[in-house]
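> got a predicted structure plus its sequence, pasted below:
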Amino acid sequence: GNSVTQMEGPVTLSEEAFLTINCTYTATGYPSLFWYVQYPGEGLQLLLKATKADDKGSNKGFEATYRKETTSFHLEKGSVQVSDSAVYFCALSDSGGGNKLTFGTGTQLKVEL
Amino acid sequence: NAGVTQTPKFRVLKTGQSMTLLCAQDMNHEYMYWYRQDPGMGLRLIHYSVGEGTTAKGEVPDGYNVSRLKKQNFLLGLESAAPSQTSVYFCASSSTDRFQQGTDTQYFGPGTRLTVL
């Protein structure tokens, strides 16, 4: 079955540091890949997505590239801010219909001044 | 647009009690989902619906029932609550229009924190 593996957190960075959160996946077919972000006390919201191999999703300075050869979708940001502190979830869509998602366990990011 | 709303926001139950969580969306989405979020386990799909009057089991359906009598509402029921059902519950919805950008994006509600004593 489908699965998503994320690097474990928490990750603590200083403001303006470079961020990488690793995500690898196992899936049948050609899933879409997503990064969702959850700010404290809130629901998840879509950060970015990619629908096919070599696509790059980007939003708010974050980006991730769909790498089929390494089955990866690593999240990166060149300079993090305190406001980026949140939990980040990698997910993939189920090709079996229903737009179902399989999520990773989430990576908590804390950015300090 | 309110997007996806959930009622209630918090609830405490005793073991054996029953309750219903309500999810409503005003985006005219066909698909709706119920997830539970537990520490270290990400989100796990409980049940989902691909349209009014339909429901299907997800990854962890035991102990839960759902109903989708109206397109905009998706109800999650616990008939006899157990401490193992202490969790944060999220509802989500998505469109089926394959010709719209972001058609497989899910939109989430703010969550319901449930504690079963």
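Done, it's in.
> phi and psi next, for the residue at minimal distance from the centre of chain B.
By Cα atoms, centre = their mean, chain B has its centre lying nearest to B:W34, at 2.5 Å. For B:W34, the backbone dihedrals (degrees, to the nearest 10) come out as phi -120, psi 130.
> can you check B:P8 too?
Main-chain dihedrals, B:P8, degrees, to the nearest 10: phi -80, psi -180.
> same check on B:S84?
The phi and psi values for B:S84, taken as degrees, to the nearest 10, are phi -70, psi -10.
> what's the pLDDT at it?
Model confidence at B:S84, given as pLDDT, is 96.
> how close does it sit to chain A?
In this structure, B:S84 and chain A are 18 Å apart, going by Cβ to the nearest Cβ, to the nearest Å. Placement of C-beta: from N, CA and C, glycine included.
> then B:S93?
B:S93 is 10 Å from chain A, where distance means Cβ to the nearest Cβ.
> number of nearby residues for that residue?
By other Cβ atoms under 10 Å in any protein chain shown, the residues close to B:S93 number 28.
> may I ask you to confirm that it is in contact with B:D104?
No. Applying Cβ atoms under 8 Å as the test, B:S93 and B:D104 come out as separate, 11.9 Å apart.
> what does chain B have sitting close to chain A?
Contact residues (Cβ under 8 Å from any Cβ of the partner chain) of chain B with chain A: B:4, B:31, B:33, B:40-45, B:48, B:50, B:56, B:58, B:90, B:92, B:94, B:96, B:102-111.
> filter these to the buried ones?
Buried by 16 or more other Cβ atoms under 10 Å in any protein chain shown: B:4, B:31, B:33, B:42-45, B:48, B:50, B:58, B:90, B:92, B:94, B:104-111, out of the residues of chain B next to chain A.
> in chain B, which helix or strand is least confident?
Least confident helix or strand, chain B: strand B:107-108 with a mean of 93, by mean pLDDT, DSSP states H and E.
> quick check: what element follows it along the chain?
strand B:112-116 (DSSP states H and E).
> mind listing what's buried along that next one?
Using 16+ other Cβ under 10 Å as the test for burial, strand B:112-116 gives B:112, B:114, B:116.
> what strands line up against that strand, and which way round?
strand B:10-13 (parallel), strand B:87-94 (antiparallel) (DSSP bridges).
> check B:T15 and give its pLDDT.
Reported pLDDT for B:T15: 97.
> dump the residue contacts of it.
Listed by Cβ atoms under 8 Å, 6 or more residues apart in numbering or on different chains, the contact partners of B:T15 are B:81-83, B:116-117.
> could you check how far it is from B:L117?
Look at B:T15 and B:L117: by Cβ to Cβ, to the nearest Å, they are 7 Å apart.
> mutual contacts of those two, please.
Contacts common to B:T15 and B:L117, judged by Cβ under 8 Å, 6+ apart, are B:P83.
> list buried residues within the contacts of B:T15.
Among those, those classed as buried by 16+ other Cβ under 10 Å are B:81, B:116.
> what's the following helix or strand after the one helix or strand in chain A whose mean pLDDT sits lowest?
One helix or strand of chain A scores below all others by mean pLDDT, DSSP H and E: strand A:101-103, with a mean of 91. Counting by DSSP H and E, the element after strand A:101-103 in chain order, helix or strand, is strand A:107-112.
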